[in-house]
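Chemist: build the 3D model from these lines:
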Amino acid sequence: MAQNSPILMWFRRDLRLGDHPALTAASATGRPVIPVFILDAAARNLGAAARFRLGLGLDALARALAAQGSRLILRRGDALEVLQALIAETGADTVYWSRLYDPQAVARDTAVKSALRAQGLTARSFGGHLMFEPWTVKTGTGSFYRVFTPMWKAVRAREVDVPLPPPDRIPPPENWPDSDDLDDWAMARALNRGAAVLRPHIQPGEAAALARLDRFVGQGIDAYRDRRDLPAEDGTSGLAEYLSLGEISPHRCWHAALRARHDGMAGAETFQKQLVWREFAYHLMHHTPHILTDNWRREWDGFPWITDPAHPHVRAWKQGRTGMAFVDAAMREMYVTGRMHNRGRMIAASYLTKHLMCHWKIGLDWFADCLVDWDPANNAMGWQWTAGSGPDAAPYFRVFNPRTQLDRFDPDRTYVRRWIAEGQADPPATACRYFDAIPRRWGLTADAPYPDPIVSASDGRAVALNAYENRDF
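Modeler: You can find the predicted model right below:
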């Protein structure tokens, strides 16, 4: 290892400078640091909204690095080939990165580390995306947790690393390698006209993430336990997209909640549980990666779900035209903002998998294409939890009633009016923007009549319970 040879800092889903163990370690060596992001197959294959959001995050990271006198080098291609090319161009003999836990990333990173080390180079991965590495949290029998509540009890008093400050200086190399132009990557192309609709609702980057956390702790965390289920209110943290791309670390969120809890904020512990719920999803993905693609409970493989993504019920659900106002409002919120309120996600997912009897994988794939806060572990566990096929799952006989849920959580229909234009004499801009975001081929307009339910709340529940009671497992 040459004393002044550069270190390649390979960014992935860790688009921040603060509380970044790999970047801190690289900068602390005093050697030149070359930040790089690689548009490899994993990034290219992201859903339309997630890829668009990634592009915005990369632009924000590049600006933050430039303010520190550094640069973000963009390259596309196979990760190992790109890294080897950069090593040859720059004389770097070390590559640092932050660990990821989905099977595709694990396979890629294992191959990269093995190949680089075989060349006599240093390849080192760091934590930072999770508070607790999956192999460090075990039950009394040495296994991993399959149920959330025992895991929460096991980790709630654990020490969480104190967030690191940004490096005082990121040493630059004498000569920078060439970089792609981010505009040439056309990260918004798959969204078509939807990108212009989503863009005003996105504030990318670490600075925006920190501001959102401060605002939440200062104004929202005390009432979080009571307001987080009310879709018409700004009662959630709004941090999911930032955590997904690593524009903020879970450690920083945890310590902010811990301080709020010590200050007597009633909702702080509930927020901490949500952070551990995220960890739970990642631990399950690490230990049982089939959760991303198959029923976590194998006995559900024979359940009679509809699997045709072109089925009329699926089409109505995707279009936000089921006739169930809570479901449709949630779907339309997603098309306009790239996000969906968590209560809406549960209702929309329950209606698809139980009332409409459609496979959860249809919904999982659609959310992966449409959400800017898409996360592989959370998306998979959320769908399987709601469908009943996953760990710590809602019992199949617990079928969310979208009408009574609406009466409970949106009694004056503020949320519904915000997102559903049909039937309103003067619909708000939020509801009208849905028609600007959706594909033109859907042929939908605001003056069309709102549909009757394709499956009523009572009929859908009866169908779901009958299928459950006559299951073969």
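Chemist: so residue 145, which of the three states?
Modeler: coil (DSSP: H, G, I helix; E, B strand; the rest coil).
Chemist: residue 36 now?
Modeler: strand.
Chemist: kindly report the same for residue 75.
Modeler: The three-state label given to residue 75 by three-state DSSP is strand.
Chemist: how close does it sit to residue 293?
Modeler: From residue 75 over to residue 293 the distance is 29 Å, taken as C-beta to C-beta, to the nearest Å. In this view, the C-beta of every residue, glycine as well, is placed from N, C-alpha and C.
Chemist: so these two - more neighbours on which side?
Modeler: Ranked by neighbour count (other C-beta atoms under 10 Å), residue 75 and residue 293 place residue 75 first, with 19 against 10.
Chemist: what's stretch 296-305 in contact with?
Modeler: With contacts defined as C-beta atoms under 8 Å, 6 or more residues apart in numbering, stretch 296-305 is touched by 284, 288, 290, 294-295, 353, 357-360, 384, 388-391, 393, 467, 471-473.
Chemist: make it 10 Å
Modeler: 146, 284, 288, 290, 294-295, 352-354, 356-362, 380-381, 384-385, 387-393, 396, 467-468, 470-473 (C-beta atoms under 10 Å, 6 or more residues apart in numbering).
Chemist: for that stretch, the averaged confidence score.
Modeler: Per-residue pLDDT over stretch 296-305 has a mean of 91.
Chemist: buried set for stretch 176-189?
Modeler: 177, 182, 185, 187-188 (16 or more other C-beta atoms under 10 Å).
Chemist: start and end of that stretch, how far apart?
Modeler: Chord length of stretch 176-189, first to last residue, is 29 Å (C-alpha to C-alpha, to the nearest Å).
Chemist: again with stretch 441-449
Modeler: Start and end residues of stretch 441-449 are separated by 18 Å (C-alpha to C-alpha).
Chemist: next: stretch 138-154.
Modeler: OK, stretch 138-154 end separation, C-alpha to C-alpha: 9 Å.
Chemist: quick check: buried residues in it?
Modeler: Neighbour counts over stretch 138-154 (16+ other C-beta under 10 Å) mark 144-146, 148, 151-152, 154 as buried.
Chemist: same for the strand or helix carrying residue 379, what does it pack against?
Modeler: When secondary structure is defined by DSSP states H and E, residue 379 falls within helix 376-387. Applying 3 or more C-beta pairs under 10 Å, 6 or more residues apart in numbering; DSSP states H and E, we find helix 376-387 packed against helix 103-118, helix 240-244, helix 268-287, helix 342-350, helix 360-370.
Chemist: show me what the first one is packed against.
Modeler: Same thing as helix 103-118. Partner elements for helix 103-118 (3+ C-beta pairs under 10 Å, 6+ apart): strand 7-11, helix 41-44, helix 79-90, strand 94-98, strand 122-126, helix 268-287, helix 376-387.
Chemist: phi, psi of the closest residue to residue 145 other than its chain neighbours?
Modeler: Closest residue to residue 145 apart from its sequence neighbours, by C-beta to C-beta, 6 or more residues apart in numbering: residue 151 at 3.7 Å. For residue 151, the backbone dihedrals (degrees, to the nearest 10) come out as phi -70, psi -40.
Chemist: who's in contact with residue 151?
Modeler: Per C-beta under 10 Å, 6+ apart, neighbours of residue 151: 132, 137, 139, 144-145, 276-277, 279-280, 283-284, 392.
Chemist: thinking again about what came up before, make a markdown table out of the helices and strands packed on helix 103-118 and add distance to residue 408, mean neighbour count and mean pLDDT.
Modeler: Compiled in a markdown table, the helices and strands packed on helix 103-118 are given as follows (distance: least, C-beta to C-beta, whole Å; neighbours: other C-beta atoms under 10 Å; pLDDT from 0 to 100):
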| stretch | distance to residue 408 | mean neighbour count | mean pLDDT |
| --- | --- | --- | --- |
| strand 7-11 | 43 | 26 | 98 |
| helix 41-44 | 40 | 15 | 96 |
| helix 79-90 | 47 | 18 | 98 |
| strand 94-98 | 41 | 23 | 98 |
| strand 122-126 | 44 | 17 | 98 |
| helix 268-287 | 18 | 21 | 98 |
| helix 376-387 | 17 | 24 | 96 |
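Chemist: could you dump these to CSV with distance to residue 159?
Modeler: Converted to CSV, the helices and strands packed on helix 103-118 look like this (distance: least, C-beta to C-beta, whole Å):
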stretch, distance to residue 159
strand 7-11, 27
helix 41-44, 32
helix 79-90, 33
strand 94-98, 20
strand 122-126, 18
helix 268-287, 14
helix 376-387, 23
